[in-house]
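Trainee: sequence and predicted structure below; questions after.
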Amino acid sequence: MAIYVAFGTYTDQGIREIDQTVSRTNDFKALAKQFGVTVRDVFWMRGQQYDMVTILEGPDQPAADALLLIMNKKGFIRTQLLRAYTAAEIEMFLATAA
C-alpha cells in the first residue's frame, strides 16, 4: 500500500462551521474505507499555512485523489495530495537510477 500526505486548508464555509470538524473527519474516515483507503492519522494545526495534515494509506493515487475530490466538493476544505515514500522505496529508486 502506498502512503500519502494530504494538506488541507479550510474554506470560508469550513471556518464558519469549524465546530463540526471532528465529526466531518469521522465521516471522512468512513468514506475512505469505501475507497480502500485507511486514514492513519489526522492532525490539526493553527497559525500555519495548512489547517490539517492527514496521513493516508491506499492502493493507488487515483483512489486517494477520488476520496479527496469528494471531500473538496463538500465545500469545507481544499486539499493537496503528496505521495510519500519509505526509505526502502527510495533506496529502490536510487538503485534503479545508478
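Mentor: Yes, it's here.
Trainee: going by C-alpha atoms from here, please, whenever you check contacts or count neighbours.
Mentor: Fine.
Trainee: quick one: I55 is in a helix?
Mentor: No: I55 sits outside any helix when classified using DSSP: H, G, I helix; E, B strand; the rest coil, being strand.
Trainee: secondary structure class of the closest residue to it other than its chain neighbours, three-state.
Mentor: Spatial nearest neighbour of I55, excluding adjacent residues (Cα to Cα, 6 or more residues apart in numbering): V5 at 4.8 Å. Classification of V5 by three-state DSSP places it in strand.
Trainee: count the neighbours of V5 for me.
Mentor: Neighbours of V5 under the rule other Cα atoms under 10 Å: 19.
Trainee: try the one 3 residues further on
Mentor: Burial of G8, expressed as a neighbour count using other Cα under 10 Å, amounts to 22.
Trainee: is it true that the residue nearest to I55 touches T54?
Mentor: Yes: contact criterion Cα atoms under 8 Å: V5 and T54 qualify, at 5.8 Å.
Trainee: where do the contact lists of those two overlap?
Mentor: Both V5 and T54 lack any common contact, where contact means Cα atoms under 8 Å, 6 or more residues apart in numbering.
Trainee: just checking, R40 touches G58?
Mentor: No: at 10.2 Å, R40 and G58 do not qualify as touching, with contact defined as Cα under 8 Å.
Trainee: quickly note the distance from the nearest residue to F76 once chain neighbours are set aside to A88.
Mentor: Closest residue in space to F76, ignoring its immediate chain neighbours: G14 at 3.9 Å, by Cα to Cα, 6+ apart. For G14, the distance to A88 equals 38 Å [Cα to Cα, to the nearest Å].
Trainee: ok, the residue nearest to F76 - how many residues close by?
Mentor: A total of 17 residues lie near G14 under the criterion other Cα under 10 Å.
Trainee: V37 too?
Mentor: V37: 23 neighbours (other Cα under 10 Å).
Trainee: and R40 and G58? which has more neighbours close in?
Mentor: Neighbours were counted for R40 and for G58 using other Cα under 10 Å; G58 has more, 19 against 12.
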